[in-house]
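Asker: Just a sequence and a predicted model for now, questions to come.
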Amino acid sequence: MSQDQRNLLKKIKPRDMIYPIIIGLGVVGYMIYRDFDPELFSYFSFSAETFLWLFAAVVFMAGRDIGYIIRIKILSEGALTWMQAFRVIMLWEFTSAVTPSAVGGTSFAVIYVHKEGISVGKSSAIVLLTSFFDELYFIVMFPLMIAIIGFDTLFDTATHDAITTGIFAIALTGYSLKLAYLVVVSYGLFVNPQGLRWLLLKIFRIKPLRRWYAGAVRTGDDIVTSSYELRKKNVAFWFKTIASTFLSWSSRYLVVNAILLAFFSVGDHLLLFARQLVMWIMMLVMPTPGGSGFAEYFFKEYLSDFIPVEPAIKLGVAAMIALIWRLITYYPYLAIGAIIFPRWLKRKFGE
């Protein structure tokens, strides 16, 4: 393991999971306290139907991981076993959960894949392609949802309040960053990989950016390697990879639909799905680990329209739903990662 890899892994410690838990639960607790009314608990009676829909939410979340696991198996061309693919995805999600959303677990993912027996170049190509297909999903689905649902409905522009304006501004920023990334990577992968590598090195030789020059070299090498790998792929590869990406992200968004159905009736499932898409785009620019705090807050503000309760307790009920949502979609990765990450480190690198 290189010194850079060693230093990178030192940044991740299982105890780091404490911070996003404190932030997330603190925000939810404050929101419930601020809008507390004993009546809000009357909406959380548990019946057989409730448990059925909550189980469906867990199944949808599992579908998200299954899609990821299938995709990384495809990208590795079978070099990873199903268990190795599962382990890589769980480690990757744990890292993403304890680092800011803007950072994510991509840098660590190269190490995880490589230490499962894949060459460094191939590992970099797999991770880059994974990121490419994720961004492609957002770039395609976001304007598609706007076209189907309508901009005014998606962003609830009729209210013209500061929160609506802020949500749109953050979503636009996140989408612009994703689009810029996809355009640059697409140019490198499909048009001129050597040219993009040369440009990156030129840019990062500029004095203020020189500290990131080594990272630019690795990125340029990854793009060249990935471009070579892609030229060997057939139509079946593209179909299976795109399908597994669609399964993964779409399953993730259906979790909230199932959670709300556990307690209420939902009038417009497609709109709910689309607003979650917007939320995840916004989380790209959130500075806290896994978007903790911000995710819960925007969930309450942006999705409360789908909760049919009295206005006086709507925000409190929405905060409770947000907590259930994070318990299913976020905290399990902290627990799983805290268990397997130390064991993985010990097995791969010793004491």
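Answerer: Yes, it's here.
Asker: ok, which stretches of the stretch 101-250 of the chain are helices?
Answerer: Counting by DSSP state H, counting those that start in this stretch, the stretch 101-250 of the chain has helices at residues 106-114, 120-149, 151-155, 162-186, 193-203, 213-230, 235-263.
Asker: Tell me which of those helices sits most buried.
Answerer: Most buried of these by mean neighbour count (mean count of other CB atoms under 10 Å) is helix 106-114; its value is a mean of 22. All C-beta spots, glycine's among them, are computed from the backbone N, C-alpha and C.
Asker: now the angle from that helix to helix 213-230?
Answerer: Angle of helix 106-114 versus helix 213-230, following axes from the mean of the first three to the mean of the last three CA atoms, to 10 degrees, is 50 degrees.
Asker: helices or strands up against helix 106-114?
Answerer: Helix 106-114 sits against helix 3-10, helix 82-97, helix 120-149, with contacts defined as 3 or more CB pairs under 8 Å, 6 or more residues apart in numbering; DSSP states H and E.
Asker: Would you mind putting the helices of the stretch 101-250 of the chain into JSON lines with mean pLDDT and distance to V58 alongside?
Answerer: Shown next, in JSON lines, are the helices of the stretch 101-250 of the chain (pLDDT from 0 to 100; distance: least, CB to CB, whole Å):
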{"stretch": "helix 106-114", "mean pLDDT": "81", "distance to V58": "24"}
{"stretch": "helix 120-149", "mean pLDDT": "87", "distance to V58": "22"}
{"stretch": "helix 151-155", "mean pLDDT": "83", "distance to V58": "27"}
{"stretch": "helix 162-186", "mean pLDDT": "83", "distance to V58": "27"}
{"stretch": "helix 193-203", "mean pLDDT": "84", "distance to V58": "41"}
{"stretch": "helix 213-230", "mean pLDDT": "79", "distance to V58": "34"}
{"stretch": "helix 235-263", "mean pLDDT": "91", "distance to V58": "8"}
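Asker: distance of the most centrally placed residue in the chain from S123?
Answerer: Centroid-nearest residue in the chain: W280, 6.8 Å away (criterion: CA atoms, centre = their mean). As judged by CB to CB, to the nearest Å, W280 and S123 stand 25 Å apart.
Asker: Need the helices and strands packed on helix 106-114 in CSV (columns: distance to K348).
Answerer: CSV is the format used below for the helices and strands packed on helix 106-114 (distance: least, CB to CB, whole Å):
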stretch, distance to K348
helix 3-10, 10
helix 82-97, 11
helix 120-149, 13
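Asker: Could you say which one of the ones you listed comes nearest to F299?
Answerer: In terms of CB to CB, the element of the helices and strands packed on helix 106-114 nearest to F299 is helix 82-97, at 16.4 Å.
Asker: so how far is that closest one off the chain centroid?
Answerer: 13 Å (CA atoms, centre = their mean, to the nearest Å).
Asker: mean confidence for it?
Answerer: The pLDDT scores in helix 82-97 average 89.
Asker: shift numbering so it begins at 16
Answerer: All right, first residue 16 from here; so that's helix 97-112.
Asker: and the direction of that helix versus that of helix 135-164, what angle?
Answerer: Per the same axes, to 10 degrees, the angle that helix 97-112 makes with helix 135-164 is 70 degrees.
Asker: What helices and strands are in contact with helix 97-112?
Answerer: On a contact count with 3+ CB pairs under 8 Å, 6+ apart, helix 97-112 meets helix 63-90, helix 121-129, helix 346-364.
Asker: among those, which is the most enclosed?
Answerer: With neighbours taken as mean count of other CB under 10 Å, the helices and strands packed on helix 97-112 reach their highest mean count in helix 121-129, at a mean of 22.
Asker: how big is the angle separating that one from helix 346-364?
Answerer: 50 degrees.
Asker: ok, L215 - contacts?
Answerer: 231, 234-235 (CB atoms under 8 Å, 6 or more residues apart in numbering).
Asker: could these go into CSV alongside distance to S122?
Answerer: CSV is the format used below for the contacts of L215 (distance: CB to CB, whole Å):
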residue, distance to S122
A231, 13
T234, 10
G235, 15
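Asker: elements contacting the strand or helix carrying I339?
Answerer: If you go by DSSP states H and E, I339 is part of helix 326-344. Applying 3+ CB pairs under 8 Å, 6+ apart, we find helix 326-344 packed against helix 33-49, helix 63-90, helix 250-278, helix 309-318.
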